[in-house]
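> Structure for the following, please:
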Amino acid sequence: MPLAEHLIELRRRFVIGVLALVVGMVVAWIFTDAIIWAMTEPIRIVAEQRGDEELVTLMYQSITGPFDMRLRISLAVGIIISAPVWLWQLWAFLVPGLTRKEIRYTIGFVCAAIPLFAAGVFVGWLIMPHIVELMASFTPEGTSNVYDSKYYYDFVFKLLLVVGVSFVLPVFLVALNLAGIMSGMAILKAWRIAVLAAAVFAALATPAADIVSMLMLAGILVVLFFAAAGLSMLFDRRRAKRDAAAGLLPSAISDEGA
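Numbers count the residues shown, from 1 in each chain. Predicted coordinates for the structure are as follows:
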């Protein structure tokens, strides 16, 4: 296909993806009240604990603040809702240039990454209220907790995104193994670094005083790492058997020469 036709095809699929995103944002806008209510549940819990809703509240610092927050939520949720459409458009544009093996690996990567990311977002959603409540417990008497809406949304969204992405990292390790960049044994030998990194990440993503949430998040990440290492070692073993059967291993070649 000539370059001009590639560009036309890219534009067509881009327009379809954008239209799907707009539709997803419209649908998400309808449910912004329910989403905001769920996001601000920890604030209401803190207000109930302190016995004064005026001292613990969500604040909008500008006239357009409420609209901006709804628009941000609609964009984030709209991207998720429209993901099947724009991911398919991206996939359909790239498939003609991929080999059958690359297509199979890509499908496996997506099928593993999506549920892991969703699981990470769910874990982040479970951790988020505990972080808000725990941090509010350090508020001195006679002071108030007034949460800026923009900062509060960024905190929740970034927490969910970071935890979700961290759950997908083991899939990248397996992808590096399939690409021949890292062996399963090399991944496993780095377990000390992985455990330390998981502990540091969990400590940064959760409050220092919330030991339960930190241990839960770190434990899940460590389990996912060892699962990725084990799966990579399994792939290495299968690859070695296949190469040996095809006479591609050095030992097999030397035996044939002898």
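
> So which bits of the helix or strand containing Val27 are buried?
Following DSSP states H and E, the helix or strand that holds Val27 is helix 3-30. By 16 or more other Cβ atoms under 10 Å, the buried positions in helix 3-30 come out as 13, 17, 20-21, 24-25, 28-29. No exception for glycine: its C-beta is placed from N, CA and C like everyone else's.

> Skip ahead from it and say which helix or strand is next.
helix 32-39.

> for that next one, which positions count as buried?
Buried residues in helix 32-39, defined by neighbour count with 16+ other Cβ under 10 Å: 32, 35-36, 39.

> Which one of those residues is nearest to Ser144?
Relative to Ser144, the closest of these is Met39; by Cβ to Cβ it sits at 19.7 Å.

> Surely that closest one is in contact with Phe155?
No. The criterion here is Cβ atoms under 8 Å, and Met39 misses it with Phe155 at 9.9 Å.

> about what we covered before: how far does the helix holding Val27 sit from the chain's center?
23 Å (Cα atoms, centre = their mean, to the nearest Å).

> now for that helix, which elements pack on it?
Judged by 3 or more Cβ pairs under 8 Å, 6 or more residues apart in numbering; DSSP states H and E, helix 3-30 is in contact with helix 65-81, helix 83-94.

> I'd like the average pLDDT over it.
Averaged across helix 3-30, the pLDDT comes to 88.

> and Gly142, how many neighbours?
6 (other Cβ atoms under 10 Å).

> Which segments of the chain make up each domain?
1-97, 98-246 (automatic domain parsing).

> Would you map the helices across the stretch 51-200 of the chain?
65-81, 83-94, 100-136, 149-178, 184-189, 191-205 (DSSP state H, counting those that start in this stretch).

> Go through the longest one and flag the buried ones.
Okay, so that is helix 100-136. Within helix 100-136, judged by 16+ other Cβ under 10 Å, the buried ones are 105, 109, 112-113, 116-117, 119-121, 123-125, 127-129, 131-134, 136.

> With the last one instead?
Counting neighbours by 16+ other Cβ under 10 Å, one finds that the buried residues in helix 191-205 are 194, 197-199, 201-202, 205.

> so after that helix, what's the next helix or strand?
helix 211-245.

> low-scoring stretches of the stretch 51-200 of the chain, by residue?
When residues are selected by pLDDT under 70, those of the stretch 51-200 of the chain lie in 52-55, 97-98, 102.

> roughly how far apart are the residue lying closest to Ala136 once chain neighbours are set aside and Leu134?
In this structure, Ala136 finds its nearest non-sequential neighbour in Val46, 4.3 Å apart by Cβ to Cβ, 6 or more residues apart in numbering. Distance of Val46 to Leu134, computed by Cβ to Cβ, to the nearest Å: 10 Å.

> With distance to Met214 as new columns, can the helices and strands packed on helix 3-30 be given to me in TSV?
Rendered in TSV, the data for these read as follows (distance: least, Cβ to Cβ, whole Å):
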stretch	distance to Met214
helix 65-81	26
helix 83-94	30
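
> and among the ones you listed, the most buried is which?
Mean neighbour count, computed with mean count of other Cβ atoms under 10 Å, is highest for helix 65-81 among the helices and strands packed on helix 3-30, reaching a mean of 17.

> hmm, who's touching that one?
For helix 65-81, contacts defined as Cβ atoms under 8 Å, 6 or more residues apart in numbering pick out 21-29, 31-32, 35-36, 60, 62, 149-150, 153, 157.
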